[in-house]
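Asker: Sharing a model prediction with you, sequence too.
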Amino acid sequence: MRVRTEAKRDAIVQVAAEVFRELGFEGASMVEIAARLGGSRATLYGYFSSKEELFVAVIHGTARIYFEPIFAALEQHRDDEDLERVLQGFGEKFVAGACSQEAIQARRAVIAESGRSDIGRLFFENGPKKGMTQLAEFLELQMQKGRLRRADPTVAAIHLMSLLDSETVTPSLLGLQGPLSRRELRDVTRRALQTFLRGYGPDDPKPA
């Protein structure tokens, strides 16, 4: 019985990343990845059940570099009273990561393959859904503290992410926009937050 190790898994992901980058998802094969790894397909399938699962692991390996520190910082500021400042910092960093060349290329690849395989679900459940859950937990705490009105925190997180995406990720996916400057990051995030806080800001106190 072979013993699976984290080091071996990381080595597979690293080699697979090179193959996917050179050949694309369609052109890449588990045979080619195994050959470059110096092992067998059986070894790959011992760690990943399909090429789709391995491709998603490659994408998330890159995404973690950008997004894990962003969500970790958000958690560290959960008790900060200046919610708008915290969300502004989060938004600017999130947009910068989401609009990076690596992230945009990964999204395009997932979208291209989603209609033909299970790759869309795997990508969402192991990546964006986790980030959305972390953001929802943060927003729920702000609702409990009275900094936001009471609402479904998951829906609120979806709305905030969508507002951040609308001026940035969508144009980048279509090739209509290049890298954003620091000023552009600040401005698009501020506009998204202004809209979000108008909808989710604390309710006005009832008159006595």
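Answerer: Cool, the structure landed.
Asker: residue contacts, the residue nearest to Ser40 when sequence neighbours are not counted?
Answerer: Nearest residue to Ser40, sequence neighbours excluded (C-beta to C-beta, 6 or more residues apart in numbering): Ala34, at 5.6 Å. All C-beta spots, glycine's among them, are computed from the backbone N, C-alpha and C. Ala34 makes contact with Ser40, Arg41, Thr43, Leu44, according to C-beta atoms under 8 Å, 6 or more residues apart in numbering.
Asker: from memory the last one sits against Gly38, does it?
Answerer: No. Under the contact definition of C-beta atoms under 8 Å, Leu44 does not touch Gly38, with a separation of 11.7 Å.
Asker: Neighbour count: these two, which is higher?
Answerer: Using other C-beta atoms under 10 Å as the criterion, Leu44 and Gly38 rank with Leu44 on top: 21 against 9.
Asker: Identify each buried residue in the helix or strand hosting that one, please.
Answerer: If you go by DSSP states H and E, Leu44 is part of helix 41-47. Within helix 41-47, the residues that count as buried by 16 or more other C-beta atoms under 10 Å are Thr43, Leu44, Gly46, Tyr47.
Asker: Sort these by pLDDT and name the bottom one.
Answerer: Here the lowest pLDDT out of the buried residues of helix 41-47 sits on Thr43, with 86.
Asker: so who does the residue nearest the centre of the chain touch?
Answerer: Centroid-nearest residue in the chain: Pro128, 4.5 Å away (criterion: C-alpha atoms, centre = their mean). For Pro128, the contact set (C-beta under 8 Å, 6+ apart) is empty.
Asker: Could you check the pLDDT of it?
Answerer: We note a pLDDT of 87 for Pro128 in this prediction.
Asker: again, but for Ala208
Answerer: 43.
Asker: The closest residue to Leu180 other than its chain neighbours - how many residues pack around it?
Answerer: With C-beta to C-beta, 6+ apart as the criterion, Leu180 has its nearest non-adjacent residue at 5.9 Å, and that residue is Cys99. When neighbours are counted by other C-beta under 10 Å, Cys99 registers 22.
Asker: go on, Phe94?
Answerer: 26.
Asker: Show me what counts as buried in the longest helix seen in the chain.
Answerer: Counting by DSSP state H, the longest helix found in the chain is helix 51-76. Across helix 51-76, burial judged by 16+ other C-beta under 10 Å covers 51-52, 54-60, 62-63, 66-67, 70-71, 74.
Asker: What strand or helix carries the residue nearest to Ser40?
Answerer: Ala34 belongs to helix 30-37 when assigned by DSSP H and E.
Asker: May I have that helix exported as PDB, CA atoms only?
Answerer: Extracted in PDB, the C-alpha atoms of helix 30-37 (Å, rounded to 0.1, in the frame of the first residue of the first chain):
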ATOM      1  CA  MET A  30      -2.300  12.500 -17.200                       C
ATOM      2  CA  VAL A  31       0.100  10.400 -19.300                       C
ATOM      3  CA  GLU A  32       2.200  13.500 -20.100                       C
ATOM      4  CA  ILE A  33       2.100  14.700 -16.500                       C
ATOM      5  CA  ALA A  34       3.100  11.300 -15.200                       C
ATOM      6  CA  ALA A  35       6.000  11.100 -17.600                       C
ATOM      7  CA  ARG A  36       7.400  14.400 -16.600                       C
ATOM      8  CA  LEU A  37       6.900  13.500 -12.900                       C
END
